[in-house]
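following is a predicted model, sequence given first.
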Amino acid sequence: MIGRVRYYIFLRDILMLAVTTFGGPQAHLAHFQKVLVDKRKYLTEDDLMEINSLCQILPGPTSTQTLTAIGFKIGGPTLAYLTLLVWILPAVILMTLAAMLMSSIEEKNWSLEFTRFIQPMAVGFVSYGAFVIIQKTVRTKTGIVLMVTAAILSYLIQTPYVFPVILLCSGLLTALKYKNQPKEEKVKIVVPWANFLLWAGVLIFAAALGGITRALPVRLFENFYRNGSLIFGGGQVLTPLLYTEFVQYAPKQYLTSGEFLSGYAIAQSLPGPVFSFSSYIGALSMREYGTGGEILGALVSAFGIFLPGTFLIFFVIRFWESLKRYRAVRASLEGITAASAGLVAASAVILFQPLENTIINFSVTIATFLLLLFTKIPSPLIILGGLLLGFVVRWATER
């Protein structure tokens, strides 16, 4: 009974975090520290930082993996999966509703002019994300070279399949610098393969089923599951992949550039994981199937993006103590994070290109970047200000 009560309180704390935590992985970590360490003492500060560091090495949403790993540490797989659901559902529901509202507005041919400032603001958010990642992770000449190379390649070769190749190759290159890492006493690694096989099995099965049936829900799940399996660096790095795959990639093009950027801006203004943006894309991708199709598209996309990171953290956390003693593993992180920074920097340019090259759009993008850089104004208020300004400009021009 005591355990059940403690699990209930833990899940209630996770729900409160899900509806009050803004700002992406860096800001999320501070909230986790305050609630889970300082207030509830579920784990120590060192435990939290080590779990978070491990999640940064793995592909997937860092904040989500950190929380599910804590749930696993406290109560095993069952509590971990409940933690995942409680953490992601509020943001997924809100992003699904946003997609349905967007679809309804377009069906009724209502003007979206009030969102005119939201799209360049979204580019400002991506630019700021690139700046933060570069500032925090790129500190060596090798990192700078890999960052610039990744940015150029991802800009020139705008296909969904180039991104994981860039990330993996960059990690392998810096792994060769393992001698720069301090030595630690090695221990024998015993690897329980069950969760890895589960991750790989779902990936192969989804790809095969999607190829055979060509069913859109299955293909959406496979697309997001694949992206979720190969993304290092959080929602900012996910953005260019999704834009290339769902807006630019000719066989799909399920969303327009305007719809994508508006959705990304909304995701920035909501609490919880930025990866919930996937549910918005999934819902709009299946809008032609009605409300039921939109909900189904949102759900399969959300589970597709969140599950692989969960499977992988469950796999690695069991032998992490042994694995982290190997210098090559620690060295590979330099290349992965540097390439991630390059992908985000290139995405800011790619996302801006469909917009009109006007002074207003440039000014809004730069102003958003500067507000994020030099003020502590919360992201939701910045987005709300952009929407209000759009309404005012539309009202003034129609008079």
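Looks like it came in fine. Numbers count the residues shown, from 1 in each chain.

so where's the stretch 201-350 of the chain shaky on pLDDT?
For the stretch 201-350 of the chain, the stretches with pLDDT under 70 are 232-237, 249-252, 321, 324.

scan the protein for its longest helix.
Longest helix in the chain, counting residues (DSSP state H): helix 62-107.

any idea which helix or strand comes after it?
Downstream of helix 62-107, the first helix or strand assigned by DSSP states H and E is helix 118-137.

chain center to that following helix, what's the gap?
When distances are taken as C-alpha atoms, centre = their mean, to the nearest Å, helix 118-137 is centred 13 Å away from the chain's centroid.

any buried residues in that helix, and which?
Burial within helix 118-137, assessed by neighbour count using 16 or more other C-beta atoms under 10 Å, is assigned to 118-134, 137. All C-beta atoms are positioned from the backbone trio N, CA, C, and that covers glycine.

output the contacting helices and strands for that helix.
On a contact count with 3 or more C-beta pairs under 8 Å, 6 or more residues apart in numbering; DSSP states H and E, helix 118-137 meets helix 235-243, helix 257-269, helix 327-352, helix 359-374, helix 379-398.

let's have these in CSV, adding distance to L17 and mean neighbour count.
Putting those into CSV (distance: least, C-beta to C-beta, whole Å; neighbours: other C-beta atoms under 10 Å) gives the following:
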stretch, distance to L17, mean neighbour count
helix 235-243, 16, 26
helix 257-269, 17, 24
helix 327-352, 25, 24
helix 359-374, 22, 16
helix 379-398, 16, 15
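
so for M147, which of those sits nearest?
Minimum separation from M147 across the helices and strands packed on helix 118-137 (C-beta to C-beta) falls at helix 327-352, 4.1 Å.

now the angle from the closest one to helix 359-374?
150 degrees (axes from the mean of the first three to the mean of the last three C-alpha atoms, to 10 degrees).

now the angle from helix 327-352 to helix 257-269?
Using the same axes, to 10 degrees: helix 327-352 against helix 257-269 is 130 degrees.

helix 327-352 packs against which elements?
The contact analysis (3+ C-beta pairs under 8 Å, 6+ apart) places helix 327-352 against helix 45-57, helix 118-137, helix 141-156, helix 162-175, helix 235-243.

how about CSV for these, with distance to I350 added?
What follows is these, written out as CSV (distance: least, C-beta to C-beta, whole Å):
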stretch, distance to I350
helix 45-57, 24
helix 118-137, 9
helix 141-156, 6
helix 162-175, 12
helix 235-243, 6
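
which stretch among these comes nearest A302?
The nearest among those, by C-beta to C-beta, is helix 235-243 at 12.8 Å.

nearest to F374, out of the helices and strands packed on helix 327-352?
That would be helix 118-137 among these, by C-beta to C-beta, at 10.8 Å.

send over the closest one as PDB, restricted to the C-alpha atoms.
C-alpha atoms of helix 118-137 as PDB (Å, rounded to 0.1, in the frame of the first residue of the first chain):
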ATOM      1  CA  ILE A 118       3.900  33.500 -35.900                       C
ATOM      2  CA  GLN A 119       5.800  31.900 -38.700                       C
ATOM      3  CA  PRO A 120       8.900  34.200 -38.700                       C
ATOM      4  CA  MET A 121       8.700  34.000 -34.900                       C
ATOM      5  CA  ALA A 122       9.100  30.200 -35.100                       C
ATOM      6  CA  VAL A 123      12.300  30.800 -37.200                       C
ATOM      7  CA  GLY A 124      13.500  33.000 -34.300                       C
ATOM      8  CA  PHE A 125      12.900  30.200 -31.900                       C
ATOM      9  CA  VAL A 126      14.800  27.700 -34.000                       C
ATOM     10  CA  SER A 127      17.700  30.300 -34.400                       C
ATOM     11  CA  TYR A 128      17.800  30.800 -30.700                       C
ATOM     12  CA  GLY A 129      17.800  27.000 -30.100                       C
ATOM     13  CA  ALA A 130      20.800  26.700 -32.500                       C
ATOM     14  CA  PHE A 131      22.600  29.500 -30.600                       C
ATOM     15  CA  VAL A 132      22.100  27.900 -27.200                       C
ATOM     16  CA  ILE A 133      23.200  24.400 -28.500                       C
ATOM     17  CA  ILE A 134      26.300  25.900 -30.200                       C
ATOM     18  CA  GLN A 135      27.200  27.900 -27.100                       C
ATOM     19  CA  LYS A 136      26.900  25.000 -24.700                       C
ATOM     20  CA  THR A 137      28.300  22.100 -26.800                       C
END
